[in-house]
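>>> quick one: sequence plus predicted model below, questions after.
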Amino acid sequence: MRLRTLPVSIAGVILAIAYAIQRPDYDMTPAWLCLAFAVLAQIASNFANEYYDFKGGLDRKGREGHRRGVTEGDITPRAMKLATYGTLALACVIGCSLIAFSGWWLIFVGAPIAVGVIAYSSGPYPLSHHGLGELAVIFFFGIIPVNFTFYLMTQQWSAQVLLGSLSAGLMGANVLIVNNYRDRFDDVKVGKHTLAVILGGKTVATIYLLNGILALNAMVSAWGRMPLWSLVFPAIYLIVHIVLWTRIKRFEGRKLNPMLGMTAMLMLFYCVTFLISAML
């Protein structure tokens, strides 16, 4: 399941809730369904990545990243494939329940998400193999969950929420950047063209730094509506973000594993503290 990365899908829904509760009328029920859908979709994507990277010969035993169960023989390929599509099916069932809150047009949102879960790692043009993984994260873990969760809760769209969704997407992309930065030497050997392979380690490390700064800038107006004391939270985010960036530049291989979870948790911290500030 890659539990260390799951805060990414949770954070986007929390950010949407923070925006929604600032409106006079909102419904929390679709938010819980969106949260379950988002987490299950991410788990299915993680399962699919493990299965299809093994099937394509892109994972090697003893790789620098976290242990891959299928590659190391802990899990059979068939079991992982069943887990992938079983989890995705459950996510789709929950996603379809959201139709009750808005209408059948949501199928045109949910279907691309379901396809994206598999297309990230498989198909004729796997996104993660062609430097498009980070862009996919911005879209599927930022723009879509934040805007549509907010809409389902309030039946409204908002330009400010759109900026917030971009902020969440950039933070989520940073988690993948750490992952691909760590794996870039292994990926070169198997012909996997992630953004870190295409642009090089130094460039993607700089992108990591810029993403965090741009994410804060995108929500300047939103934080400006919060109590003055709450500004300590984005300040903490920025300080920790810069510290993580300096450590990422210094480390290689397995030493980067903690940075992956820390980047995801920092994103969750940011969104949770924004929610707390909105509530108070």
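Looks like it came in fine. Just so it is clear, the model here is predicted, and its values are computed rather than measured. Numbering: from 1, shown residues only.

>>> going by C-alpha atoms from here, please, whenever you check contacts or count neighbours.
OK.

>>> so Ala235: helix, strand or coil?
Three-state call for Ala235 (DSSP: H, G, I helix; E, B strand; the rest coil): helix.

>>> count the neighbours of it for me.
Applying other C-alpha atoms under 10 Å, we find 13 residues neighbouring Ala235.

>>> how close does it get to Phe140?
According to C-alpha to C-alpha, to the nearest Å, Ala235 stands 27 Å off from Phe140.

>>> same thing with Ile236?
In terms of C-alpha to C-alpha, Ile236 sits 26 Å off from Phe140.

>>> so which of the two has more stuff around it?
Phe140 (23 against 13).

>>> quick one: that one from Met226, how far?
The value you get for Phe140 to Met226, if C-alpha to C-alpha is used, is 27 Å.

>>> ok, now Tyr237?
16 Å.

>>> got a list of contacts for stretch 141-154?
Stretch 141-154 has contacts (C-alpha atoms under 8 Å, 6 or more residues apart in numbering) with 8-9, 12-13, 15-17, 19-20, 23, 25-31, 34, 38, 101-102, 156-157, 161-162, 164-170, 172.

>>> got the buried residues for it?
Across stretch 141-154, burial judged by 16 or more other C-alpha atoms under 10 Å covers 141-154.

>>> stretch 72-84 too?
Those would be Pro77, Met80, Lys81, Ala83, Thr84, for stretch 72-84 by 16+ other C-alpha under 10 Å.

>>> one more: stretch 220-236?
The neighbour-count check on stretch 220-236 (16+ other C-alpha under 10 Å) flags Ala222, Trp223, Met226, Ser230, Phe233, Pro234 as buried.

>>> dump these to CSV, plus pLDDT and distance to Thr246.
As requested, those are exported to CSV (pLDDT from 0 to 100; distance: C-alpha to C-alpha, whole Å):
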residue, pLDDT, distance to Thr246
Ala222, 97, 28
Trp223, 97, 26
Met226, 96, 30
Ser230, 97, 26
Phe233, 98, 20
Pro234, 98, 18
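
>>> let me have the residues you listed in CSV, extended by distance to Tyr181.
Converted to CSV, the buried residues of stretch 220-236 look like this (distance: C-alpha to C-alpha, whole Å):
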residue, distance to Tyr181
Ala222, 31
Trp223, 31
Met226, 35
Ser230, 33
Phe233, 27
Pro234, 25
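
>>> which two of these have the greatest separation?
Farthest apart among those by C-alpha to C-alpha are Ala222 and Phe233. That separation is 12.9 Å.

>>> ok, Lys202 to Gln160 distance?
With C-alpha to C-alpha as the criterion, Lys202 and Gln160 are 32 Å apart.

>>> same drill for those two, tell me which one is more crowded.
Gln160 (15 against 12).

>>> how close does the residue nearest to that one when sequence neighbours are not counted sit to Ser277?
Spatially, and ignoring its direct neighbours in sequence, Gln160 is nearest to Ala222 (7.1 Å; C-alpha to C-alpha, 6 or more residues apart in numbering). Separation of Ala222 from Ser277 (C-alpha to C-alpha) stands at 11 Å.

>>> you'd agree Tyr125 is in a helix?
No: looking at Tyr125 with three-state DSSP, it is coil, so not inside a helix.

>>> can you give me the neighbour number for it?
Tyr125, neighbours per other C-alpha under 10 Å, totals 11.

>>> pop out the phi and psi values for it.
phi -150, psi 70 (degrees, to the nearest 10).

>>> distance of it relative to Leu275?
38 Å.

>>> so after the biggest helix by length in the chain, what's the next helix or strand?
In the chain, assigned by DSSP state H, the helix with the most residues is helix 159-190. Moving toward the C-terminus from helix 159-190, the next helix or strand (DSSP states H and E) is helix 195-199.

>>> I'd like to know which elements that next one is packed against.
In terms of contacts (3 or more C-alpha pairs under 8 Å, 6 or more residues apart in numbering; DSSP states H and E), helix 195-199 is packed against helix 159-190, helix 201-218.

>>> buried residues, stretch 94-108. List them.
Ile94, Gly95, Cys96, Leu98, Ile99, Leu106.

>>> brain fart, stretch 44-64
44-54, 58-60, 63-64.

>>> buried residues in stretch 1-12?
Result for stretch 1-12 [16+ other C-alpha under 10 Å]: buried residues Arg4, Thr5, Leu6, Pro7, Val8, Ser9, Ile10, Ala11, Gly12.
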